[in-house]
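coords please:
(one chain, ligands or ions: 1)
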Amino acid sequence: MNRTAKRLASEAEQWAKDLFRLFVPPCCPVCGRVLEEGERFLCTACRWEMPLTGWWKTQENPMQERLSDFFPVCRASAFFYYQKGSGYDRLIHRFKYEGKASLSRAFGEWFGEELRRSEYYADVDLIVPVPLHPYRFLKRGYNQAEIFAFGLGKKLKAKVCRGNLVRKTHNPTQTRRGEKERWENVDGIFAVRNPDRFRNRHLLLVDDVITTGATLVSCAETLLSRVENCRISAVTLAVSSRHVFGKG
Ligand SMILES: [Zn+2]
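Here you go, the predicted model:
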């Protein structure tokens, strides 16, 4: 394509984007206000007031303590507090059910930048998103934890490894389950295809939300029983403050 054709194509693309914005203006997913020029994904006020945990800046935090009760976790942190009705809970709904891939990716990059600045995640070798069962993946068309993981990986300069930790059972969703049921629901449902790929590595498990911690614990138990000499850390986009962390 010559230079003039490229310029025309780029102008046409911008024109199409402007037209799209005019008829379908992007809105802040938290408060619903139309985003202004320069605002990306969240309006300035909601970004400013985002209930971030700040846990990635500390070695010990409630998520680290929670997971440490079950396995020797290296590092653990969630990005923000999930509280029903806060407005920020709508973000998770969008990630999970509305296919907002660009939103998951953007939050991955935001959190990834924070993790990169923290001294505690510098030695992560591989990022391992919590897998969906193939049936659910086909039905939904994407794995939100995976898209989030790619955003993290970009900033942490670590590879995302898909398909080696797998979900072998198509278990019912954890949503609307009690604490005891959540643990039973994910017990023994994960498997590792090729343990050598994870050997001697520091793995960063990634999920969208931590509630009881049952899913992450089940993944970690599988990895630790199958892989020789691996270390495990875990991060999630949100933490349900209601469930185990005594807030809200
Ligand atoms: Zn807003």
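
tell me the residues of this protein that contact the ion?
Residues of the chain lying near the ion by Cβ under 5 Å from the ion: Cys28, Val30, Cys31, Cys43, Cys46. C-betas here are computed from N, CA, C, even on glycine.

from these, which is closest to Asn185?
Comparing the residues of the chain next to the ion against Asn185 with Cβ to Cβ places Val30 closest, at 29.8 Å.

separation between the closest one and Tyr135?
32 Å (Cβ to Cβ, to the nearest Å).

which one's more surrounded, those two?
Neighbour count, other Cβ atoms under 10 Å: between Val30 and Tyr135, Val30 has more, with 20 against 10.

what does the more buried one show for phi and psi?
For Val30, the backbone dihedrals (degrees, to the nearest 10) come out as phi -90, psi -50.

what does the one 5 residues further on give?
Torsion angles at Leu35 (phi, psi; degrees, to the nearest 10) stand at phi -70, psi 140.

per the record, what domains does the chain have?
1-49, 51-240 (automatic domain parsing).

quick check: mean pLDDT across the shortest one?
Right, the one you point to is domain 1-49. The average of the pLDDT scores along domain 1-49 is 81.

let the chain start at 31 from now.
Noted, 31 is the first residue going forward, which turns the last one into domain 31-79.

okay, buried residues for the host helix or strand of Ala136 please.
Using DSSP states H and E, Ala136 sits within helix 131-147. The neighbour-count criterion (16 or more other Cβ atoms under 10 Å) identifies 131, 133-142, 144-146 as the buried residues of helix 131-147.

what's the closest of these to Asn230?
Leu145 (21.6 Å).

all set now, cheers.
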